[in-house]
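Trainee: With the sequence up front, the predicted model follows.
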Protein chains: 2
Amino acid sequence: MNETIKSIQNHRSIRKFTDKQLEESVIDQIIKSAQSMPNSINGQQTSIIVVRDKERKAKLAELAGGQPWIDAAPVFLVFVMDFYKTNLAAQKNHLNQLIHESVEGTIVGTFDGGLAMGGALIAAESMGLGVVPIGGIRQNPAEVIELLKLPEYTYPLAGLAIGYPKDHSQKKPRLPFETFKHEETYNKEGLMEAIDEYDHTMEQYHNEIGREQGVNWSGYTANIYQHVYYPKVYPTMKDQNFQNDK
Amino acid sequence: MNETIKSIQNHRSIRKFTDKQLEESVIDQIIKSAQSMPNSINGQQTSIIVVRDKERKAKLAELAGGQPWIDAAPVFLVFVMDFYKTNLAAQKNHLNQLIHESVEGTIVGTFDGGLAMGGALIAAESMGLGVVPIGGIRQNPAEVIELLKLPEYTYPLAGLAIGYPKDHSQKKPRLPFETFKHEETYNKEGLMEAIDEYDHTMEQYHNEIGREQGVNWSGYTANIYQHVYYPKVYPTMKDQNFQNDK
């Protein structure tokens, strides 16, 4: 196994950081890695906002539902779905952009945002940095949009807190490999049994790391997914001109 | 710059492959790397379908709008947004899953799919393999869903053709770095000028690689994005029980 693959498979979320700042060149290597990732039709519908300002980070930590590691990390990157630049391209060519009104557009912009974060995250970890992705910036999106001055046709997808790790958390077990890798067609067989098995694995894991007992995967996940847990996403997307109705 | 970052920033799409097959262990390293990527709330809402069957690959190449490199690659991975497994978790706990009905759910599943592909792609390239991501599997999604036997609450997001590269294409230039990296807030200034500059860059690039002249970035992109170019996504998502209406 080469160093890159070792680093990828060794991923864990880090939520405690030292005070050490990141050099500008380190940040740029991370962001260039994100920009080097592939994207749909070369539309390049992603932007990254680099947040280092103490107050702005503290505000984002609060808006994300109280996530102090955003504040504690020296750098917080916000990954933005960006059809503002492509809309300028449309204006330049006297055409009307329609893609941002469709779910297809949301999928393209979001998938590319995930790819970009993948590149950033793997680059950062390869340099010994610790990271934690933050979906919580979608909890109060209107305020995040205002704080980052995001124009129409853009939307904040997720954040990435980055810093030098203060402690190394444990690697979280995943669902059994065979529930993730399917041969030729989707294999439903044995899924419920695999979930039972993983529920036990996660209970053990939580015991080991000293979390409260009785938290298993299926109960935790089902409890969250019985709700739309960031319900402001749908209306605030409309405010940014994403319709999701075609 | 370490080897991982060098490999990430050296990314290019490969569409010609040798006949050399991938060993099972190589495929598993790629898929384990995808599974090691972070995901929202540990919901693990991604699955990968590994397609190696000649006929199935040929069919997918056709359904993607005629993309012979899918057929030519020894392995084609389909990245699936998967709320079927989380729905089993809900059943196990006698709860009703709602997340898949929301745009928030689509964003979570799609972003995580992009992250997973990022891990797979970087792992594959670190082993000297060539890859090309394929959004075209959303061109005829109903047929893809049938071919891969994807159950309700799942959706095919994108594919990744992988093989040993036959030739090395050139690295495509990107929009100027300052249009991608924004400091503290979104910076609209100079964007149109940067697009003008990039249009020239891409014209030169196309001349260099011998493509037809007169193709610049803004015209190409605007022309595609004046339409919803995969219009079957919205209705077929509904068929899979994704409503995107909340």
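Mentor: Arrived safely.
Trainee: most centrally placed residue in chain A?
Mentor: Geometric centre of chain A, nearest residue: A:A158, 4.2 Å, by C-alpha atoms, centre = their mean.
Trainee: Could I get the phi/psi values of it?
Mentor: Per-residue torsions, A:A158: phi -160, psi 160 (degrees, to the nearest 10).
Trainee: Enumerate every residue touching it.
Mentor: Shown in contact with A:A158 (C-beta atoms under 8 Å, 6 or more residues apart in numbering or on different chains): A:78-79, A:113-114, A:117, A:133-135, A:137-138, B:111. To be clear about C-beta, it is placed using only N, CA and C from the backbone, and glycine gets the same treatment.
Trainee: switch to 10 Å and redo it
Mentor: A:77-81, A:110, A:113-114, A:117, A:133-138, B:38, B:40, B:107-108, B:111-112, B:115 (C-beta atoms under 10 Å, 6 or more residues apart in numbering or on different chains).
Trainee: Next: A:K238.
Mentor: By C-beta under 10 Å, 6+ apart, A:K238 lies in contact with A:244-245, B:103.
Trainee: Apply 6 Å and report the result again.
Mentor: By C-beta atoms under 6 Å, 6 or more residues apart in numbering or on different chains, A:K238 lies in contact with nothing.
Trainee: looking at this, A:I48 is in a strand?
Mentor: Yes: under DSSP: H, G, I helix; E, B strand; the rest coil, A:I48 sits within a strand.
Trainee: What is the burial count for it?
Mentor: Look at A:I48: counted by other C-beta atoms under 10 Å in any protein chain shown, it has 24 neighbours.
Trainee: Run through the neighbouring helices and strands of the longest helix anywhere in chain A.
Mentor: Longest helix in chain A, counting residues (DSSP state H): helix A:103-126. Helices and strands touching helix A:103-126, by 3 or more C-beta pairs under 6 Å, 6 or more residues apart in numbering or on different chains; DSSP states H and E, are helix A:3-9, helix A:24-36, strand A:46-51, strand A:75-82, strand A:154-163, helix B:3-9, helix B:103-126, helix B:233-239.
Trainee: who touches that helix?
Mentor: Identification of contacts with helix A:103-126 by C-beta under 6 Å, 6+ apart yields A:7-8, A:30, A:33-34, A:37, A:39-40, A:45-46, A:79, A:81, A:99, A:131, A:157, A:160, A:162, A:244, B:2, B:4-5, B:8, B:107, B:110-111, B:114-115, B:117-119, B:122, B:157, B:228, B:230, B:233-234, B:244.
Trainee: Need the CA coordinates for it. CSV is fine.
Mentor: In CSV, the C-alpha atoms belonging to helix A:103-126 read as follows (Å, rounded to 0.1, in the frame of the first residue of the first chain):
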residue,chain,number,x,y,z
VAL,A,103,-32.1,19.3,-9.6
GLU,A,104,-29.6,18.2,-12.2
GLY,A,105,-27.8,21.5,-11.6
THR,A,106,-27.9,20.9,-7.9
ILE,A,107,-26.4,17.4,-8.4
VAL,A,108,-23.6,18.6,-10.6
GLY,A,109,-22.6,21.5,-8.4
THR,A,110,-22.9,19.4,-5.2
PHE,A,111,-21.0,16.4,-6.5
ASP,A,112,-18.2,18.6,-7.8
GLY,A,113,-18.1,20.3,-4.4
GLY,A,114,-17.6,16.9,-2.8
LEU,A,115,-14.9,16.0,-5.3
ALA,A,116,-13.1,19.3,-4.5
MET,A,117,-13.3,18.7,-0.8
GLY,A,118,-11.9,15.3,-1.3
GLY,A,119,-8.8,16.7,-3.0
ALA,A,120,-8.4,19.4,-0.3
LEU,A,121,-8.9,16.9,2.5
ILE,A,122,-6.5,14.3,1.2
ALA,A,123,-3.9,17.0,0.4
ALA,A,124,-4.2,18.5,3.9
GLU,A,125,-3.9,15.1,5.7
SER,A,126,-0.9,14.1,3.5
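Trainee: continuing past that helix, what's the next helix or strand?
Mentor: Downstream of helix A:103-126, the first helix or strand assigned by DSSP states H and E is strand A:130-134.
Trainee: Run through who's touching that next one.
Mentor: For strand A:130-134, contacts defined as C-beta under 6 Å, 6+ apart pick out A:13-15, A:64, A:69, A:121, A:124, A:158-162, A:165, B:38.
Trainee: now A:Q97, nearest residue through space, not along the chain?
Mentor: Spatial nearest neighbour of A:Q97, excluding adjacent residues (C-beta to C-beta, 6 or more residues apart in numbering or on different chains): A:A90 at 4.2 Å.
Trainee: next one: A:Q243
Mentor: Among residues not flanking A:Q243 along the chain, A:E101 sits closest, at 4.2 Å (C-beta to C-beta, 6+ apart).
Trainee: Roughly how far does A:H11 sit from chain B?
Mentor: Distance, A:H11 to chain B, using C-beta to the nearest C-beta, to the nearest Å: 5 Å.
Trainee: Mind checking what secondary structure that residue has?
Mentor: coil.
Trainee: which residues sit in contact with it?
Mentor: A:H11 neighbours (C-beta under 6 Å, 6+ apart): B:S36.
Trainee: Return the helix or strand in chain A with minimum mean pLDDT.
Mentor: None of the helices or strands of chain A scores lower by mean pLDDT, DSSP states H and E than helix A:191-208, at a mean of 94.
Trainee: pLDDT wise, what is A:Q170 at?
Mentor: On pLDDT, A:Q170 comes in at 86.
Trainee: how near is it to A:H11?
Mentor: 12 Å (C-beta to C-beta, to the nearest Å).
Trainee: anything in contact with each of these two?
Mentor: Among the neighbours of A:Q170, none is also in contact with A:H11 (C-beta under 6 Å, 6+ apart).
Trainee: which residue of chain A sits farthest from its center?
Mentor: Most distant from the centre of chain A: A:H94, at 34.2 Å, with distances by C-alpha atoms, centre = their mean.
Trainee: what about that one, distance to chain B?
Mentor: Taking C-beta to the nearest C-beta as the measure, A:H94 falls 9 Å from chain B.
Trainee: Ramachandran coordinates for that residue?
Mentor: Backbone torsions for A:H94, taken as degrees, to the nearest 10, come to phi 50, psi 40.
Trainee: Ok, A:N39 next?
Mentor: According to degrees, to the nearest 10, A:N39 has phi -150, psi 160.
Trainee: OK, contacts around it?
Mentor: A:D112.
Trainee: distance of it from A:T110?
Mentor: Applying C-beta to C-beta, the value for A:N39 to A:T110 is 12 Å.
Trainee: what's the answer for A:N93, then?
Mentor: With the distance defined as C-beta to C-beta, A:N93 ends up 25 Å from A:T110.
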